[in-house]
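[1] Okay, here's the prediction I keep looking at, along with the sequence it came from:
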Amino acid sequence: MYQTNPLSAIQFIAEKRIEDALEKGVLDNLPGSGRPLELEDMSHIPEELRMAYKILRNAGCLPPELEERKEINRLAEMLDQCEDEQERVRQMQKLRFMIFRAQTRHQRHILIEQEDMYYPRLLERLNSLKKN
């Protein structure tokens, strides 16, 4: 007995409609035409969470890990403009705590970009705090 594959029928119809649209010029002058597709790399996100992360991103929300990383980077940038030494020490302690909390929560190291102009000073400051 011969069985037809329903998926192949759907594929046939889809291909036929695409061919018709190409012949009619419906697909001409689409936005981004002639440019490579911008594919996003979501390989670092577990497969079962990818759709949820995409929906959150499209809604303008960040996943908790990225929100936390954004806050850490913001605090590191603020340290560069902080002129009060006591406030700077408090903010350094807060930054160190946030990095520690993120590392323990995600079981991996959080790296502040080494190209940042503040990075060497941040390391020096953290080391001096450890010694005290």
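    Sure thing, it's come through.
[2] looking at the chain, which helix or strand does the model trust least?
    helix 119-131 (a mean of 66; mean pLDDT, DSSP states H and E).
[3] for the strand or helix carrying K70, which positions count as buried?
    Element membership of K70, judged by DSSP states H and E, is helix 64-81. If you call a residue buried by 16 or more other Cβ atoms under 10 Å, then helix 64-81 has these buried ones: 68-69, 72, 76, 79. Just so you know, the C-beta spots here come from the backbone N, C-alpha and C atoms, and that holds for glycine as well.
[4] and what of stretch 81-90?
    Those would be R88, for stretch 81-90 by 16+ other Cβ under 10 Å.
[5] now do stretch 98-105
    Within stretch 98-105, judged by 16+ other Cβ under 10 Å, the buried ones are 98-99, 102.
[6] I45: which of those residues is nearest?
    A102 (16.7 Å; Cβ to Cβ).
[7] Flag the shaky bits of this protein, pLDDT-wise.
    1-7, 106-123, 125-132 (pLDDT under 70).
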